[in-house]
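Asks: Everything below, folded, please.
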Amino acid sequence: MKYLKQLLIILIFTFAGEILHYVVPLQIPASIYGLVLLFAALVLGFIKLPQVEETAKLLIEVMPLMFIPAGVALLESWGDLKPILIPVAAIMVVSTVLVMGVSGKVTQGIMTHAGKKQKGEAKDHE
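Replies: Numbering: from 1, shown residues only. Predicted coordinates for the structure are as follows:
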């Protein structure tokens, strides 16, 4: 019953994201709206992490299965992709390296900022 309740909470935010997608005239996927709404609810304390944590972990564990249909669709469109394989592969490599680099720098910046903040709080307590 606990998983069902947690799934219902996640689905409510997903549905709210779908509604926002139709109301707001931006080219943002409905799933992103739902994720942002759920994140905001978690940060603001409307939803507590234990209320969705176990089901969210389960959904993350089965996420790779959701990519199987996309992979099959790529295999079916091999004839269309074959002539542009080199440019697509180059774009994929460059964008992957770029995203990894930016993500790493942002993570390092956040960790450095958090470390300085913890050191400052430790000095205040002395």
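
Asks: and the residue nearest the centre of the chain, what does it touch?
Replies: Compute the mean C-alpha point of the chain, and by C-alpha atoms, centre = their mean the closest residue is Leu35, 7.3 Å away. Contact partners of Leu35, counting by C-beta atoms under 8 Å, 6 or more residues apart in numbering, are 13, 17. (Each C-beta comes from the backbone N, C-alpha and C, glycine too.)

Asks: Spell out the secondary structure type for it.
Replies: Under DSSP: H, G, I helix; E, B strand; the rest coil, the three-state class of Leu35 is helix.

Asks: how much space is there between it and Ile19?
Replies: As for Leu35, its distance to Ile19 is 14 Å (criterion: C-beta to C-beta, to the nearest Å).

Asks: What is the subsequent helix or strand relative to whichever helix or strand Leu59 is part of?
Replies: When elements are assigned from DSSP states H and E, Leu59 belongs to helix 53-61. Of the helices and strands lying after helix 53-61 in sequence (DSSP H and E), the nearest is helix 68-76.

Asks: Let me see the ranges of the strands in this structure.
Replies: Using DSSP state E, no strands are found in the chain.

Asks: And the helices in it?
Replies: Applying DSSP state H to the chain gives helices spanning 2-23, 30-44, 53-61, 68-76, 78-81, 85-125.

Asks: For those helices, please prepare CSV with the additional fields mean pLDDT.
Replies: Rendered in CSV, the data for the helices of the chain read as follows (pLDDT from 0 to 100):
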stretch, mean pLDDT
helix 2-23, 94
helix 30-44, 94
helix 53-61, 92
helix 68-76, 87
helix 78-81, 86
helix 85-125, 87
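
Asks: Just give me the neighbour total for Leu96.
Replies: Wrong residue type there; residue 96 is Thr, not Leu. Residue neighbour count, defined by other C-beta atoms under 10 Å, stands at 10 for Thr96.
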